[in-house]
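Chemist: structure for this input, please:
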Amino acid sequence: MYAQVCLPFFINKTFTYVVPNKFINNIKPGSIVEVKFNNKLSRGFITSLSSTSNFKGPFNKILLLNDSCQIPDELWKTLKWMSEYYVTPIGKITQTTLSWAFKDKKSTTKNKSNLEVKKEIKAIQLSPIQKNVYNKIHAIFKKNSRPHFLYGVPGSGKTEIYLKLTNDFFGQQKSCLILVPEIVLSSQIFNRFQNYFGEKVLLWHSQASESYKNKVLFKLNQQNPYIIIGARSALFTPLTNLGLIIVDEEHDSSYKESDRQPCYNARDLAIIRAQYSNSMVLLGSATPSLETYYNSMVNNKYHLHIINERYGEAILPKIKIIDMNKIQNTFIGKHILSLDLINQINLTIKRKEQ
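Modeler: Okay, here's the model as predicted:
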């Protein structure tokens, strides 16, 4: 048997290696292997397998099949789609999205955690409009798997719906992925989810230490369901039996990778991964992006759910429009802030509010 292997270089080709008999039963597209390339030991991914090869000549053998972490089939299909859509070699895709696979890992043992589920998910009381949206999302998902968009005003309690949905899928032994645009936000929502799901909630973002990521990967490789909270790089974590993907603040530009290739949008790729994994995908925002607005409110590509009231006892803020053209000029130009705004800021600070 022969295997095509992609290596973490910007080369638009793969390389053929012989698969030793001892690996034949366990090797598949997406498997991590170690091979000799230019007389150096290199780590790469299997892209395809075949019984014959058009290449004539001596072949190197695959030296090691690395089982430190398994790549789910649906994730591998997402990466292949990504390679074609963003016109980027699959080796470069793996280098960017699965960078942890090319680093040496120290052996990690199972750590027992003292964390326990602190609250019951019965403790969250949904408002009538929240309950209606929650039930509607469930009913629609049973019929088709189109993306859902939750259009909720600020403070409408979108997170409560996220928690309820996560509880449903996690109860079915399915993993859940919750994406947030900023690393700071990932820590905040992580604490919220951990209050309900305890040690089954894991954090993933680019600033996490390698030792912590290794512990996360070790847990994920046990083939048990987990809940991952993180920024855009969390989209590529090898979750087993994925059932739910939530993209909070889907409009945020931080979901776009623009500094290096591939220049991808994690929100769009979340929809692709959901398709390959037959997962529910839910986008949430109070200020939707133009694409999501069009897809949900114009061409009905997404299921639209609206919450136009705040959760609990919270009320919407009063809005006052001030005509800045009527503010007197100064010698350096017009004032940036009106006197009304300055006074209200001072009052808010005195009340210790935001």
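
Chemist: ok, now which ones touch residue 34?
Modeler: 41-44, 62-64, 66 (C-beta atoms under 8 Å, 6 or more residues apart in numbering). Placement of C-beta: from N, CA and C, glycine included.

Chemist: TSV please, covering those and showing neighbour count.
Modeler: Putting these into TSV (neighbours: other C-beta atoms under 10 Å) gives the following:
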residue	neighbour count
41	10
42	17
43	19
44	29
62	24
63	14
64	13
66	15
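
Chemist: any idea which of these is closest to residue 6?
Modeler: residue 44 (5.6 Å; C-beta to C-beta).

Chemist: which strand or helix spans the closest one?
Modeler: Per DSSP states H and E, residue 44 falls inside strand 40-50.

Chemist: distance of residue 257 from residue 352?
Modeler: 38 Å (C-beta to C-beta, to the nearest Å).

Chemist: which of the two has more neighbours?
Modeler: Neighbours of residue 257 and residue 352, each counted by other C-beta atoms under 10 Å, are more numerous for residue 257; the result is 18 against 6.

Chemist: the more buried one contacts residue 268, correct?
Modeler: No: using C-beta atoms under 8 Å, residue 257 makes no contact with residue 268, being 11.3 Å away.

Chemist: how far does the strand holding residue 44 sit from the chain's center?
Modeler: Its chain's average C-alpha position is 26 Å from that of strand 40-50, according to C-alpha atoms, centre = their mean, to the nearest Å.

Chemist: and it, average pLDDT?
Modeler: The pLDDT scores in strand 40-50 average 93.

Chemist: pretty sure residue 324 sits against residue 338.
Modeler: Yes: the pair residue 324 and residue 338 passes the contact test of C-beta under 8 Å, sitting 6.6 Å apart.

Chemist: more neighbours: which of the two?
Modeler: Per other C-beta under 10 Å, whichever of residue 324 and residue 338 has more neighbours is residue 338, with 15 against 12.

Chemist: which residues sit in contact with residue 283?
Modeler: Residue 283 makes contacts with 147-150, 247, 250, 267, 292, 302, as judged by C-beta under 8 Å, 6+ apart.
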